[in-house]
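In: no FASTA, just this:
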């Protein structure tokens, strides 16, 4: 099946710093990618929809100035957590939609962010 | 609005027992897809099944089987002869073509030896 990668798989950063997470579709071009956040022992919640070449659409309650999303190419979307705080510690997962296969989507392996 | 409910938060069974995980969904769409994912401690989502809303046939894959009943908006998942390696969190999810997933709260399954 199609493969989506995320980098890094885990990251620890200090409060106040920024962290960038990459999501790549390795064998197809993804015009749309989605970013989800999962707090410990909770479900996955959609943060934003990332469309190549346009601004991301954020879900209610998600600060767009804090979670910067850039989808500059058909195979790469990045999520930057700016001025990270301990409450941003979470598991971040992206999914990429393959336009050629009935809209099938594939999830990345996730990035575990810990802010100290 | 779309919603997925998994009434069982946690289930514990002894190895070789059968276990059914419940999933009930809500959507106004006439065309949609239902999914089950397994999430082991590593966190990576493991795809188990995708079912089109027009296909109500039950499916069996090895020890796994799924029962889709549109009349009750349910998509239940049964593991037969459970094994310790089945221990994980299982998510039921819903989406429409190309749209984002809506996940249920998850069911944590513990299979004891």
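Out: It's in. The shown structure was predicted, so the numbers you read here are calculated from the model rather than taken from an experiment. Residues are numbered from 1 along each chain as shown, chains lettered A, B, ... in the order given.
In: Next, count neighbours for the closest residue to chain A within chain B.
Out: Going by Cβ to the nearest Cβ, chain A is nearest to residue B:98 of chain B, at 3.6 Å. For glycine as for every other residue, the C-beta is placed from the backbone atoms N, C-alpha and C. The number of residues packed near residue B:98 is 14, by other Cβ atoms under 10 Å in any protein chain shown.
In: Would you enumerate the residues in contact with residue 82?
Out: Here I'm looking at chain A. Residues in contact with residue A:82, defined by Cβ atoms under 8 Å, 6 or more residues apart in numbering or on different chains, are A:18, A:65-68.
In: think we crossed wires, I meant chain B
Out: Contacts of residue B:82 by Cβ under 8 Å, 6+ apart are B:13, B:15-19, B:63, B:109, B:111.
In: can you check residue A:50 too?
Out: Contacts of residue A:50 by Cβ under 8 Å, 6+ apart are A:32-35, A:56, A:69-71, A:77.
In: The same query, at a cut-off of 7 Å, please.
Out: For residue A:50, the contact set (Cβ atoms under 7 Å, 6 or more residues apart in numbering or on different chains) comprises A:32-33, A:35, A:56, A:69, A:71, A:77.
In: what is the rounded mean pLDDT of the host helix or strand of it?
Out: Assigned by DSSP states H and E, residue A:50 belongs to strand A:44-51. Strand A:44-51 shows a mean pLDDT of 95.
In: so after it, what's the next helix or strand?
Out: Using DSSP H and E, the helix or strand that follows strand A:44-51 towards the C-terminus is strand A:57-58.
In: if you look at that next one, does any of it touch chain B?
Out: No. Taking Cβ under 7 Å from any Cβ of the partner chain as the criterion, strand A:57-58 and chain B are apart, separated by no less than 9.8 Å.
In: And the next helix or strand past that strand?
Out: Past strand A:57-58, the next helix or strand by DSSP H and E is strand A:67-73.
In: list the helices and strands whichever helix or strand comes after that next one packs on?
Out: Downstream of strand A:67-73, the first helix or strand assigned by DSSP H and E is strand A:76-81. With contacts taken as 3 or more Cβ pairs under 7 Å, 6 or more residues apart in numbering or on different chains; DSSP states H and E, strand A:76-81 sits against strand A:19-25, strand A:67-73.
In: if we can go back for a sec, identify the farthest-apart pair in the contacts of residue B:82.
Out: Within those, B:16 and B:109 form the most distant pair, 14.1 Å apart (Cβ to Cβ).
In: Just want to know which of the two has more residues nearby.
Out: Using other Cβ under 10 Å, the more surrounded residue of residue B:16 and residue B:109 is residue B:109, with 20 against 11.
In: ok, now which ones touch the more buried one?
Out: B:11, B:19, B:86-88, B:90.
In: pLDDT weak spots in chain B?
Out: In the prediction, chain B carries no residues with pLDDT under 70.
In: Tell me how many other residues crowd the closest residue to residue A:80 other than its chain neighbours.
Out: Excluding its sequence neighbours, the residue lying closest to residue A:80 (Cβ to Cβ, 6 or more residues apart in numbering or on different chains) is residue A:68, at 4.2 Å. Residues near residue A:68, counting by other Cβ under 10 Å, number 16.
In: Residue A:95: neighbour count?
Out: Residue A:95 has 23 neighbours, counted by other Cβ under 10 Å.
In: Kindly confirm my reading that it is in a strand.
Out: Yes. Using DSSP: H, G, I helix; E, B strand; the rest coil, the assignment for residue A:95 is a strand.
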